[in-house]
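[1] next come a sequence and a model predicted from it.
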Amino acid sequence: MKLASFNDYRLGVVDGDAVYDITAALPDFLAHLPRQRMNWLIANWPTMRNKLANFRTSAPATALSSVRLLAPNPAPQHILAAPANYQKHIGELGSRTVTQGGRSAREQGLFLKAPGSLVGAGGALLLPKGSQRRFDHESELAVVISRLARNVPREKAMDFVFGYSCLIDATMRIEKGVAEEERSMRKSFETFTPMGPWIVTADEVAAPESLKNQLWVNGELKQSANTRDMIVGIAELIEMASSVMTLQPGDVIASGTPEGVGPVSPGDEVRIEIEQVGAMTLPVRECEAVSPRAY
């Protein structure tokens, strides 16, 4: 099943060219917490799945092209991301490389991105106005957690996966000796985590560690790899994260980017597509105003 958030944080099931509005199937109190609807649905999926089985006959349908798709989970408690998780990506940034000594995600561990950096397929990637810094695209598979997960061994980890989505990890690069901000901050500007266009539930993705992952800038293919090339697989990423903290329903793990990372500029158009998961295209624009702390 493909689950989406759209318009004013309504929830829908995407089927073909239509989105079926299932918001009315959720408890009324969520009208006061609309950004939490997807978290609640994921946490209650074992019972809600059967309730939504007949969504085509019980939910109103709208053309997918007429709605504004938001990040499918607008408010995960955590977004964790894997650095240096494809061998060919390690070191490709030269002097801008942060993970030193050829270390991978296995040695380096995960880092956090701010949930406030999320944007959906109906939005845009906004760069700081007037900035002379370099901003890059990173194409990644997003793994969405299904239930509370603490100290989960990798042998059991896939039982804690709710589904998958496409994710672009936009990044402001460091300038050696001039500007070397922390990774989490450079990757947490508002809109720097495009995610979508929906969450595909895990039962529809038979082999998540064998998916083609591609990204284009202005129609030119920049990144093309397969999730089988990840150094740390999905199960080990969950083991790693849950060894540090309790993962919550709806939490997101960005599983790392392959080689081909490169810059984007205002006026560009970025498209990501992951096999069996989906595709989305976002424009790259400048923010309307220069921030008080300019970058």
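    The structure has been received and is ready for your questions. Numbers count the residues shown, from 1 in each chain.

[2] which residues of the stretch 101-250 of the chain fall in strands?
    Using DSSP state E, counting those that start in this stretch, the strands of the stretch 101-250 of the chain run over residues 111-113, 118-119, 125-127, 135-137, 139-145, 161-168, 171-172, 193-201, 212-217, 220-226.

[3] show me what the longest one is packed up against.
    Same thing as strand 193-201. strand 2-6, strand 118-119, strand 161-168, strand 278-286 (3 or more CB pairs under 8 Å, 6 or more residues apart in numbering; DSSP states H and E). C-beta coordinates here come from the backbone N, C-alpha and C atoms, glycine included.

[4] nearest to residue 242, out of those?
    strand 161-168 (12.0 Å; CB to CB).

[5] separation between residue 105 and residue 68?
    34 Å (CB to CB, to the nearest Å).

[6] okay, the two: which has more neighbours?
    Of the pair residue 105 and residue 68, residue 105 is the one with more neighbours under other CB atoms under 10 Å, namely 24 against 12.

[7] residues touching the more buried one, list them.
    Each residue near residue 105 by CB atoms under 8 Å, 6 or more residues apart in numbering is listed here: 82-85, 231-232, 237, 240, 256.

[8] closest one to residue 47 out of the residues you listed, please.
    Nearest member of the contacts of residue 105 to residue 47, counting by CB to CB, is residue 237, at 27.8 Å.

[9] thought residue 6 was touching residue 12?
    Yes: contact criterion CB atoms under 8 Å: residue 6 and residue 12 qualify, at 5.8 Å.

[10] which neighbours do the two share?
    Counting by CB under 8 Å, 6+ apart, the contacts common to residue 6 and residue 12 are 19, 67.

[11] and for the residue nearest in space to the middle of the chain, nearest residue in space, chain neighbours not counted?
    With distances taken as CA atoms, centre = their mean, residue 167 lies nearest the centre of the chain, 3.3 Å away. Excluding the flanking residues, the one nearest residue 167 by CB to CB, 6 or more residues apart in numbering is residue 142, at 3.9 Å.

[12] got it, and residue 273?
    residue 279 (3.7 Å).

[13] wait, the one you found touches residue 271, no?
    Yes: between residue 279 and residue 271 there is a contact at 6.6 Å, judged by CB under 8 Å.

[14] of the two, who's got more company?
    Between residue 279 and residue 271, counted using other CB under 10 Å, residue 271 has the larger neighbour count: 20 against 15.

[15] re the thing from before, report the contact partners of the residue nearest to residue 273.
    Residue 279 touches 166, 197, 271-273, counting by CB under 8 Å, 6+ apart.

[16] which residues of the stretch 101-250 of the chain score low on pLDDT?
    For the stretch 101-250 of the chain, applying pLDDT under 70 flags the ranges 101-102.

[17] ranges for the helices of the stretch 51-200 of the chain?
    Along the stretch 51-200 of the chain, counting by DSSP state H, counting those that start in this stretch, helices occupy 55-58, 105-108, 154-157, 183-186.

[18] between those, which one is closest to residue 208.
    helix 154-157 (11.5 Å).

[19] tell me the secondary structure for residue 30?
    helix (DSSP: H, G, I helix; E, B strand; the rest coil).

[20] need the contact list for it.
    36-37, 40.

[21] how close does the residue nearest to residue 167 get to residue 280?
    For residue 142, the distance to residue 280 equals 12 Å [CB to CB].

[22] thought the residue nearest to the centre of the chain was touching residue 193?
    Yes: using CB under 8 Å, residue 167 is in contact with residue 193, at 6.6 Å.

[23] shared neighbours of those two, anything?
    residue 254.
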